[in-house]
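Visitor: Below are the sequence and a predicted model for it; my questions follow.
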Amino acid sequence: MVLALVLMALLFISTLYNIGNYMSNLMHGRAPRSYGRVAGPRLDEVVREDNDSANKVALVEINGIITDGPLDQGGYNMVDVLKAQLKRAEEDAHVKAVLLKVDSPGGEVLASDEIYREIASFQKKSNKPVVASMGGLAASGGYYVSSPCRWIVANDLTITGSIGVIMNTWNYRGLMDKVGLLPQTFKSGKYKDMLSGSKEPDQITQEEKDMVQALIDETFAKFKKVVREGRQQARENNRKNRDQDTGRALSDDWQNYADGRVLSGTEAYRLGFVDQLGTFEDAVERTRKLAGITSANLIEYQLRYDLSDLFRLFGKSDAKAVKVDLGLEAPKLHAGQLYFLSPTYLR
């Protein structure tokens, strides 16, 4: 009886919520949306700062490790959500620009590259500028996803840079020998176990090391290309508007600093990796200026959770896992996978 009453109350609340959204769409002249299951993340528009303007600036945040792991109960990852957010911003004529707020040490190479491509494609198709606002940390993959933006704003104390690639693996053969564990490997080719942690260190040939290093170097070259082309394209697009600053150009020796080292915001500004030193409010002001508007409401697209998500939570049990919060999230790195990660995180 109690459970039935609770479910009825939740159903009533969900119905009122859907009716409210429907009426809000009608009042604002928007076409009513279908509330059935649709492909991709379900997003709700939320006003973060109301300036009583018809124009909008969409705030998109990239926080934490950049990964293709699921973010919510629907199984959508960071890339899926960002794609959906940019699509909403592109389709809404009232959205004049996007403000990308980055606070990330980097992450997976493929996920970072997908986000980079989505941002570059969005600007090209929509002709709406994207401005990056760097938080306390926007390094490695965090800088990679910022590089195609029309303008990059960093605080003078922002940790950024760390342009480079890392692959992590473990060799545990010594431990296996101590406990008397002998591996047996059956493989189709001589390089099939080249990253295996059970091999004797002297069994890892120089040829194998060279092959792995070549993969690292190729990915690193792509990183530098993304930075170079992103900064050049931003200046060219800014130059088309005579009322705008063109932004900072990369220094002649910028590649000497693309060796994995971290940079302060001040040093990144000197080298041309960022266009402006300032706060989040400065980034908002620059976004309006690039969009050619004097005022705008700052909005966000947040993931929607409805009654079906609640039922899914009821059916899920995490009783087998116990987590102790020590105030530090341990790195969840997979052996043999390439990462754009800041060394400050790896410590």
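Guide: Yes, it's here.
Visitor: For stretch 88-101, measure first residue to last.
Guide: Distance between the two ends of stretch 88-101: 17 Å, counting by CA to CA, to the nearest Å.
Visitor: Arg261 and Ser140 touch, don't they?
Guide: No - with contact defined as CB atoms under 8 Å, Arg261 and Ser140 do not form a contacting pair (10.9 Å). Any C-beta I mention is one placed from the backbone N, CA and C, and that applies to glycine too.
Visitor: intersection of neighbour lists for these two?
Guide: Ser162 (CB atoms under 8 Å, 6 or more residues apart in numbering).
Visitor: Name the residue in the two with the higher neighbour count.
Guide: The neighbour count for Arg261 versus Ser140, taken as other CB atoms under 10 Å, is higher for Ser140 (31 against 14).
Visitor: Spatially nearest residue to the more buried one (excluding sequence neighbours)?
Guide: Gly106 (3.2 Å; CB to CB, 6 or more residues apart in numbering).
Visitor: May I have stretch 189-209 as PDB, with CA atoms only?
Guide: Provided in PDB are the C-alpha atoms of stretch 189-209 (Å, rounded to 0.1, in the frame of the first residue of the first chain):
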ATOM      1  CA  GLY A 189      52.300 -13.300 -34.000                       C
ATOM      2  CA  LYS A 190      55.500 -12.400 -32.300                       C
ATOM      3  CA  TYR A 191      54.300  -8.900 -31.400                       C
ATOM      4  CA  LYS A 192      50.900  -9.900 -30.000                       C
ATOM      5  CA  ASP A 193      52.100  -9.800 -26.400                       C
ATOM      6  CA  MET A 194      54.400  -6.800 -26.800                       C
ATOM      7  CA  LEU A 195      52.800  -4.900 -24.000                       C
ATOM      8  CA  SER A 196      52.300  -7.900 -21.700                       C
ATOM      9  CA  GLY A 197      53.300  -7.300 -18.100                       C
ATOM     10  CA  SER A 198      54.200 -10.900 -17.600                       C
ATOM     11  CA  LYS A 199      57.200 -10.800 -19.900                       C
ATOM     12  CA  GLU A 200      60.800 -10.800 -18.600                       C
ATOM     13  CA  PRO A 201      62.300  -7.300 -19.000                       C
ATOM     14  CA  ASP A 202      65.100  -8.600 -21.200                       C
ATOM     15  CA  GLN A 203      62.400 -10.200 -23.400                       C
ATOM     16  CA  ILE A 204      61.200  -6.800 -24.500                       C
ATOM     17  CA  THR A 205      63.100  -6.100 -27.600                       C
ATOM     18  CA  GLN A 206      64.300  -2.700 -28.800                       C
ATOM     19  CA  GLU A 207      62.100  -3.200 -31.900                       C
ATOM     20  CA  GLU A 208      59.000  -3.400 -29.700                       C
ATOM     21  CA  LYS A 209      60.000  -0.300 -27.800                       C
END
